[in-house]
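> task: produce atomic coordinates for the following.
(2 chains)
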Amino acid sequence: MVPNTDEVYGDHISNRFNDELLALKTRFLKMGGMVESQVESALQALMEGDSQIAEEVRAKDKLVDRMEMDIDEEAMLIIARRQPTARDLRLVISVIRMVADLERVGDEAKKIARFAIKLSEEGRTPQGYAEVRNIGTHVMGMIHDSLDAFARLDSEQALRVMKEDKRVDEEYQSAARALLTFMMEDTRNITRCMSVMWVLRALERVGDHACNISENVIFMVKGEDVRHTPMDEAERIVGS
Amino acid sequence: MNTMSSMSSTIASEAQAPEEKVMPVVDEKPEDTVLEEGVTVGKPFADDPKFKLRDVEVLYGDSPAIKKISLDIARNEVVAFIGPSGCGKSTFLRCLNRMNDSIDICRVKGQLMLDGQDIYDAKRDVVELRARVGMVFQKPNPFPKSIYDNVAYGPRIHGLANRKSELDDIVESSLRKAGLWNEVKDRLDAMATGMSGGQQQRLCIARTIAVSPEVVLMDEPCSALDPIATAKVEELIAELSESYTIVIVTHSMQQAARVSNRTAYFHLGHLVEVNETSKVFTTPEHELTESYISGRFG
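Residues are numbered from 1 along each chain as shown, chains lettered A, B, ... in the order given. Predicted coordinates for the structure are as follows:
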């Protein structure tokens, strides 16, 4: 069991309850770290045309899936055993929602790895890779920051991640335009460019999941649901 | 806080989850929180209340048990009083039908109105008050009489029935409302003390509602009951709330969450927070409420 050092979730009368909540948190962060490294490795495989790394990413996705199921079960047991309330309840509910997002990020990593293998078989090309690197770095930062916001219960940082999403969308649009230009210049590029396009699409989805995680962090900390909420309303909630 | 640096290492080595101290949501620990007299967060007031209670103080001798509590209880709502032992919730409940009168050293101050009339008016008929504001206690306390006589006792002394058949009707309808009729209809002459605990408690509820009260006060009505009897009583509370105002003191947070519309949290004689029950158990406003309902002290 994790040491009982948490000031927010670790001060119940029942130490077992403390341990359970902290273990849930720790395990979620561990899954987060794993998913982060999956995306990073998938991008590395793509950039370096290394299908070996790509295969590893695909194999490791099973571990990510396993973790999702384990965390879900752990959360369910806490609800059954402890009937958590208030911030404890919000933690458990948020974790259940957020593991689904993490698992989807893992799936996107797997998808990128699949295209990395496909593209490496067709020989390397720099077309669109600069854009992939750009957006990849951006959304990996978002995932990292959203997990960090979770670990520190920092709703302001979570809000910053949510704001980043608009920029990712813009970057994605302009990257798609660039790839379209490549395809128009030479129709032989189309197959390859479409693969890169799918990778970009996957990365854009990763950004969306980072947003979802951040929304849940705000729910955990502030107790207000900011999904489907205009940004200025979310700002007001976080600021209050 | 070196969280950022430790987090970035999660990419490199996913095996090590961070074990850092996290930033607390609130700075105050429960024991540091100073309670201000007469200040309640949330929504303690209602339009057209059944009970209008203002600056209520209760003293046992010189020591205050209730400190300037103001609260409205709306018609046909279920209000749950929760809080750690000794917080004053039972004392406050007992003010509502003057059950504290029987304690010599107990003094009640402030304004306590039932339907706009002073509960503590010197001219008030306390027997009539208690017929309007009935009470169910923690331990089932049936009279050592038959099941029938337990329920018929109140209507008899209040002269609510002129004929035996009328009394029979009251007994049957009360037992039906209490969800007990089918279990006891064939043995109404049996001694009430021979029933199971859960049945006895529902009999006490039947006895309470036999005199057609407007309000039912319940002081931990399920603490001596098993889960099935508890579920039956809770079901009953839901049904009764359609025609009665119910105030329930409970040590079971889950019970308060299940049965009540509003929840009031008491702490050391203060009324700390009153809010919609759904809010209290998901996003309580006061730190003390949060600590109590989530099992952090109490």
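
> alpha carbons only for contacts and neighbour counts from here, please
Noted.

> secondary structure class of the nearest residue to A:Asn189 once chain neighbours are set aside, three-state.
Ranked by Cα to Cα, 6 or more residues apart in numbering or on different chains and with sequence neighbours excluded, the top spatial neighbour of A:Asn189 is A:Met183, at 5.4 Å. Three-state assignment for A:Met183 (DSSP: H, G, I helix; E, B strand; the rest coil): helix.

> for the residue of the stretch 51-200 of chain B found nearest chain A, what are its contacts?
In the stretch 51-200 of chain B, the residue that lies nearest chain A is B:Pro84 (13.3 Å; Cα to the nearest Cα). Going by Cα atoms under 8 Å, 6 or more residues apart in numbering or on different chains, B:Pro84 touches B:His251, B:Phe266, B:His267, B:Tyr292, B:Gly298.

> and the pLDDT at B:Pro30?
B:Pro30 is assigned 45 on the pLDDT scale.

> coming back round to it: from what I can see the residue nearest to A:Asn189 touches A:Cys193, true?
Yes - look at A:Met183 against A:Cys193 with Cα atoms under 8 Å: they come within range, at 6.8 Å.

> same drill for those two, tell me which one is more crowded.
A:Cys193 (24 against 17; other Cα atoms under 10 Å in any protein chain shown).

> strands of chain B, start to end?
B:41-42, B:49-60, B:63-74, B:78-82, B:106-114, B:117-118, B:133-136, B:215-219, B:245-249, B:262-267, B:270-276 (DSSP state E).

> got CSV for those strands, with mean pLDDT and mean neighbour count too?
Converted to CSV, the strands of chain B look like this (pLDDT from 0 to 100; neighbours: other Cα atoms under 10 Å in any protein chain shown):
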stretch, mean pLDDT, mean neighbour count
strand B:41-42, 92, 16
strand B:49-60, 95, 20
strand B:63-74, 94, 21
strand B:78-82, 97, 27
strand B:106-114, 95, 18
strand B:117-118, 94, 14
strand B:133-136, 95, 24
strand B:215-219, 96, 25
strand B:245-249, 97, 26
strand B:262-267, 96, 26
strand B:270-276, 96, 24
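
> so what sits opposite the nearest residue to B:Arg107 once chain neighbours are set aside in the bridge?
In space, B:Arg107 comes closest to B:Leu59 once its chain neighbours are excluded; the distance is 5.2 Å by Cα to Cα, 6+ apart. Beta-bridge pairing for B:Leu59 (DSSP bridges): B:Pro64, B:Arg107.

> what's the distance between B:Leu59 and A:Arg27?
Counting by Cα to Cα, to the nearest Å, the separation of B:Leu59 from A:Arg27 is 51 Å.

> let me know whether B:Ala210 touches B:Val171 as I believe.
Yes - contact criterion Cα under 8 Å: B:Ala210 and B:Val171 qualify, at 6.8 Å.

> how about the contacts made by B:Asp115?
Per Cα under 8 Å, 6+ apart, neighbours of B:Asp115: B:Pro49, B:Lys50, B:Phe51, B:Lys52.

> can you get me a residue count around the residue nearest to B:Ala161 when sequence neighbours are not counted?
Nearest non-adjacent residue to B:Ala161, counting by Cα to Cα, 6+ apart: B:Leu167, 5.4 Å away. Using other Cα under 10 Å, B:Leu167 has 21 other residues around it.

> re earlier: hey, what's in contact with both of B:Ala210 and B:Val171?
Contacts common to B:Ala210 and B:Val171, judged by Cα under 8 Å, 6+ apart, are B:Val151, B:Ala152.

> show me what the helix or strand where A:Gly33 lies is packed up against.
A:Gly33 is part of helix A:15-48, with elements assigned from DSSP states H and E. Secondary-structure packing of helix A:15-48 (3 or more Cα pairs under 8 Å, 6 or more residues apart in numbering or on different chains; DSSP states H and E): helix A:51-82, helix A:86-121, helix A:129-152, helix B:3-12.

> span of stretch B:264-281 from start to end?
Stretch B:264-281: ends 11 Å apart by Cα to Cα.

> where in chain A is pLDDT low?
A:1-5, A:124-125 (pLDDT under 70).

> can you pull the residues of it lying near chain B?
When proximity is defined as Cα under 8 Å from any Cα of the partner chain, chain A approaches chain B at A:2-3, A:5-8, A:11-14, A:26-27, A:29-31, A:33-34, A:36-37, A:83-90, A:144, A:148, A:151-154, A:221, A:223.

> in ChimeraX, how would I select just the buried ones from the residues you listed?
Restricted to buried positions by 16 or more other Cα atoms under 10 Å in any protein chain shown, the ChimeraX selection for the residues of chain A next to chain B reads:
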select /A:5,6,8,11,12,26,27,29,30,31,33,34,36,37,84,85,86,87,88,89,90,144,148,151,152,153,154,221,223
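
> rewinding a little: list the buried residues for the helix holding A:Gly33?
So helix A:15-48, judged by 16+ other Cα under 10 Å, has buried residues A:17-47.

> where do the helices sit along the stretch 151-298 of chain B?
In order along the chain, the stretch 151-298 of chain B carries the following helices (DSSP state H, counting those that start in this stretch): B:164-177, B:181-184, B:197-209, B:227-240, B:253-259, B:277-282, B:287-293.

> please consider this matter closed, and thank you.
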